[in-house]
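Colleague: can't give you the sequence, but here's the structure:
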């Protein structure tokens with residue numbers, strides 16, 4: 001099985017310092033939805049792993065998060081794409097949970113659900129914590145320069161084996177060529 005794990009905000013959709021708090025604020029990065037559809041066409045399982053601390057902070061509720069994800073899924077369907085699953089951590093940064101990236105808990109849940117070792121699995125993110133979570137489970141780190149990616153690229157803690165791409169569309173073009 002070919003599996004890829006994507007962060008949401010800053011990879012699939014535009015990010016916001018104030019969080020994405022409503023379906024209206026969720027706007028796809030140009031080419032990202034089509035890239036996911038291309039992965040589907042090439043036989044990849046596509047899973048989203050996203051920190052959503054806005055829930056834990058009380059900025060929005062689970063109903064709103066579900067509505068945002070519903071918009072993402074419907075938008076993907078309009079271009080012939082789909083997600084195999086969405087995993088999220090709803091906890092605030094100070095909650096001490098195991099599922100908030102950079103901890104590997106979300107990715108371990110994905111491994112368990114799909115009954116697959118994550119060695120070499122592409123983990124695509126725009127922040128250091130996305131890449132660190134991926135490395136913790138043996139994944140291959142891919143940094144996109146959308147979202148927080150430009151800033152992350154300058155971080156001295158950036159893992160040496162990180163592959164850097166302008167956006168998700170170019171990651172997918174490389175993986176499917």
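Modeller: Structure's in. What do you need? Since the structure is predicted, the reported quantities are computational estimates derived from the model, not experimental observations.

Colleague: for residue 166, see how far away residue 27 is.
Modeller: Distance of residue 27 to residue 166, given as Cβ to Cβ, to the nearest Å: 18 Å. For glycine as for every other residue, the C-beta is placed from the backbone atoms N, C-alpha and C.

Colleague: repeat for residue 11
Modeller: From residue 11 across to residue 166, the span is 12 Å (Cβ to Cβ).

Colleague: can you pull the buried residues of the longest helix along the chain?
Modeller: Longest helix in the chain by number of residues (criterion: DSSP state H): helix 62-78. For helix 62-78, burial by neighbour count (16 or more other Cβ atoms under 10 Å) applies to 64, 65, 67, 68, 69, 71, 72, 75, 76.

Colleague: average pLDDT across stretch 111-131?
Modeller: The pLDDT scores in stretch 111-131 average 98.

Colleague: which positions in it come out as buried?
Modeller: Across stretch 111-131, burial judged by 16+ other Cβ under 10 Å covers 111, 114, 118, 121-131.

Colleague: low-confidence ranges in this structure?
Modeller: Low-confidence segments of the chain (pLDDT under 70): none present.

Colleague: next structured bit after the longest strand along it?
Modeller: For the chain, the longest strand by residue count, based on DSSP state E, is strand 44-51. Next helix or strand after strand 44-51 toward the C-terminus (DSSP states H and E): helix 53-56.

Colleague: show me what counts as buried in that following helix.
Modeller: In helix 53-56, counting by 16+ other Cβ under 10 Å, buried: 53, 54, 55, 56.

Colleague: now stretch 84-102
Modeller: The neighbour-count check on stretch 84-102 (16+ other Cβ under 10 Å) flags 84, 86, 87, 88, 89, 90, 91, 92, 99, 100, 101, 102 as buried.

Colleague: hey, where'd the helices end up in the chain?
Modeller: All helices of the chain, identified by DSSP H, fall at 32-41, 53-56, 62-78, 105-114, 128-136, 149-153, 168-175.

Colleague: how about the ones you listed in TSV, adding distance to residue 4?
Modeller: Below are these laid out as TSV (distance: least, Cβ to Cβ, whole Å):
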stretch	distance to residue 4
helix 32-41	6
helix 53-56	24
helix 62-78	14
helix 105-114	11
helix 128-136	11
helix 149-153	17
helix 168-175	7
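
Colleague: residue 21: which of the ones you listed is closest?
Modeller: Proximity to residue 21 (Cβ to Cβ) singles out helix 53-56 among the helices of the chain, at 6.1 Å.

Colleague: that closest one packs against which elements?
Modeller: Applying 3 or more Cβ pairs under 8 Å, 6 or more residues apart in numbering; DSSP states H and E, one finds that helix 53-56 contacts helix 62-78.
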